[in-house]
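Chemist: need a structure here:
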Amino acid sequence: MGKKLGYAVVGLGVGKGHCDAAIASENADLIAVCDLIPEKMEKIAAKQPGLRMYTEFDELLKDPDVDIISICLPSAMHADFAVRALHAGKHVLVEKPIDITTDAAQKIEEARLATGLKAGVIHQNRFNLDMQAIRKALDAGRLGTLTLGTFAVKWFRNQDYYEGWHGTWDMDGGGSLMNQAVHTVDIMQWFMGDVESVTSHTGIYTHDIETEDATVSIIKFKNGALATFVSSTNCYPGICTDIQLYGTNGSVEADQDVLKTWKFKDFDEDFADELGIDAFDAAEEEEFMLKKYGSGNGGAAGGDPTILVGHRYMVEDMILAVRDDRDPAILPTEAMKSVRIVNAVYESARTGKTVYFE
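Modeler: The predicted model follows:
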């Protein structure tokens, strides 16, 4: 094995998960962190002896041993810090959302192209094992023609969650939709295709915030399918994340990484062989899939330590993208799609009109 890549993380809120993933990697070393609060860095240093701790981002950028930086700051700071890192010669992995506007996100893409460096974005829910199985079923045409999707992020946040930058327009870019549900917006467009129009309502129901704590949208796709999308941080104590697809030949339903429904009119032997499904008809296929994917990522992985999910998957993918000189799993242009949809929801709710996409 060659020299390990040097990994750094700026922002130790969600960035703590990036740190753990880098520490666990066999292909990189977590060598530096950057945060305004020394106590946060000291907690990471307790797990990683010799860790370099920076309170100034510009000083981190000068560190010659840092190859990759995870940008885990408030959402509206993502583009600024990612662009600065790229022009300083560092590859970047940006937390979701890529930024709060597509114009800001485009700056990351422009810097990626100008520098020739790698820029990836966190949307780890695509790599939940049941989501991968559903994507393969869609690619194989198992659902037939998609007609309907229903997506609902029914979560809960206490008021104290919003005491900082969360729930502000200038730093968070939105509330329940931009922050909590943007992952599921990404899944929706990844599964259902390009959006044609968005019609939405939003509101503030149980929190003292600028933005919103609930949204309801009707979304039409260019392929003719329809979807409903709901986001909320009012659903005590946090209920579920419904991801449901219905087509002319089948239906699938999941709650995040837990598969709930897998029903198809016909059995496809070639598809079963490709996915490793031990079955001889549609009923046996359903039984197999619910047994394998019905208990989440842990059950589907079957205890195999080589199967990575969540932030661990995406950090390792970024490390390997740099090592192997390939694109990371999710590029800025792909991550922009969910931000555009989220902002269309807000525009529709604000104007009372349907927003049409070109």
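
Chemist: what comes up buried for the lengthiest helix in the chain?
Modeler: What stands out as the longest helix in the chain, according to DSSP state H, is helix 332-351. Using 16 or more other Cβ atoms under 10 Å as the test for burial, helix 332-351 gives 332, 334-346, 348-349. All C-beta atoms are positioned from the backbone trio N, CA, C, and that covers glycine.

Chemist: ok, so of these, who is nearest residue 260?
Modeler: Among the buried residues of helix 332-351, residue 338 lies closest to residue 260 (Cβ to Cβ), at 23.2 Å.

Chemist: which stretches of the stretch 151-300 of the chain form strands?
Modeler: Using DSSP state E, counting those that start in this stretch, the strands of the stretch 151-300 of the chain run over residues 195-203, 214-221, 226-232, 240-247, 250-255, 258-264.

Chemist: picking that back up, just the residues contacting the next helix or strand along the chain from the longest helix of the chain, thanks.
Modeler: Remark: after helix 332-351, the chain's next helix or strand is strand 355-356, criterion DSSP states H and E. The contact list for strand 355-356, computed with Cβ atoms under 8 Å, 6 or more residues apart in numbering, reads 196, 197, 198, 199, 344, 345, 347, 348.

Chemist: chain neighbours aside, what residue packs nearest to the residue nearest in space to the middle of the chain?
Modeler: Most central in the chain under Cα atoms, centre = their mean is residue 123, positioned 1.9 Å from the mean C-alpha point. Nearest residue to residue 123, sequence neighbours excluded (Cβ to Cβ, 6 or more residues apart in numbering): residue 186, at 4.6 Å.

Chemist: what does the model give the one you found for pLDDT?
Modeler: As predicted, residue 186 sits at a pLDDT of 98.

Chemist: part of a strand, is residue 69?
Modeler: Yes. Looking at residue 69 with DSSP: H, G, I helix; E, B strand; the rest coil, it is inside a strand.

Chemist: doesn't residue 90 make contact with it?
Modeler: Yes. With contacts defined as Cβ atoms under 8 Å, residue 69 counts as touching residue 90 at a distance of 4.9 Å.

Chemist: list residues touching both of these two?
Modeler: What both residue 69 and residue 90 touch, as defined by Cβ under 8 Å, 6+ apart, is the set residue 8.

Chemist: who has more neighbours out of these two?
Modeler: residue 69 (29 against 22; other Cβ atoms under 10 Å).

Chemist: contacting residues around the more buried one?
Modeler: Counting by Cβ under 8 Å, 6+ apart, residue 69 makes contact with 7, 8, 9, 10, 60, 85, 90, 91, 92, 93.

Chemist: narrow the residues you listed to those in helices?
Modeler: 60, 85.

Chemist: before we move on, the earlier item: TSV for the strands of the stretch 151-300 of the chain, including mean pLDDT and distance to residue 65?
Modeler: Below are those laid out as TSV (pLDDT from 0 to 100; distance: least, Cβ to Cβ, whole Å):
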stretch	mean pLDDT	distance to residue 65
strand 195-203	98	43
strand 214-221	98	44
strand 226-232	98	41
strand 240-247	98	39
strand 250-255	98	41
strand 258-264	98	41
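
Chemist: redo the ones you listed as CSV? Include distance to residue 309.
Modeler: Converted to CSV, the strands of the stretch 151-300 of the chain look like this (distance: least, Cβ to Cβ, whole Å):
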stretch, distance to residue 309
strand 195-203, 27
strand 214-221, 27
strand 226-232, 23
strand 240-247, 15
strand 250-255, 14
strand 258-264, 13
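
Chemist: hang on, the earlier thing: out of the buried residues of helix 332-351, what pair is the most spread apart?
Modeler: It's 332 and 349 that sit farthest apart of the buried residues of helix 332-351, by Cβ to Cβ, at 26.2 Å.

Chemist: ok, so of the contacts of residue 69, who is nearest residue 245?
Modeler: The nearest member of the contacts of residue 69 to residue 245, counting by Cβ to Cβ, is residue 93 at 28.7 Å.

Chemist: look up how far residue 186 lies from that closest one.
Modeler: 16 Å (Cβ to Cβ, to the nearest Å).

Chemist: now swap in residue 45 and tell me
Modeler: Residue 45 is 33 Å from residue 186, by Cβ to Cβ.

Chemist: swap in residue 47?
Modeler: Distance from residue 47 to residue 186, by Cβ to Cβ: 30 Å.

Chemist: looking at the two, which is more packed in?
Modeler: residue 186 (26 against 12).

Chemist: all helices for the stretch 101-250 of the chain, in order.
Modeler: 102-115, 129-139, 182-192 (DSSP state H, counting those that start in this stretch).

Chemist: let me have those helices in a markdown table, adding distance to residue 75 as columns.
Modeler: Shown next, in a markdown table, are the helices of the stretch 101-250 of the chain (distance: least, Cβ to Cβ, whole Å):
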| stretch | distance to residue 75 |
| --- | --- |
| helix 102-115 | 9 |
| helix 129-139 | 23 |
| helix 182-192 | 9 |
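
Chemist: ok, and what's touching the longest helix of the chain?
Modeler: With contacts defined as Cβ under 8 Å, 6+ apart, helix 332-351 is touched by 94, 96-102, 105-106, 108-109, 112, 119, 121, 123, 173-174, 177-178, 182, 185-186, 188-189, 195, 198-202, 212, 215, 217, 219, 229, 354-355, 357.

Chemist: are any of those residues buried, and which?
Modeler: Using 16+ other Cβ under 10 Å, the buried ones in the contacts of helix 332-351 are 94, 96-102, 105-106, 108-109, 112, 119, 121, 123, 173-174, 177-178, 182, 185-186, 188-189, 195, 198-200, 202, 212, 215, 217, 219, 229, 355.

Chemist: residues in contact with the closest residue to residue 296 other than its chain neighbours?
Modeler: Among residues not flanking residue 296 along the chain, residue 257 sits closest, at 4.5 Å (Cβ to Cβ, 6+ apart). Contact analysis of residue 257 by Cβ under 8 Å, 6+ apart lists 125, 128, 129, 130, 131, 293, 296, 297, 300, 309.

Chemist: thank you kindly, that will do.
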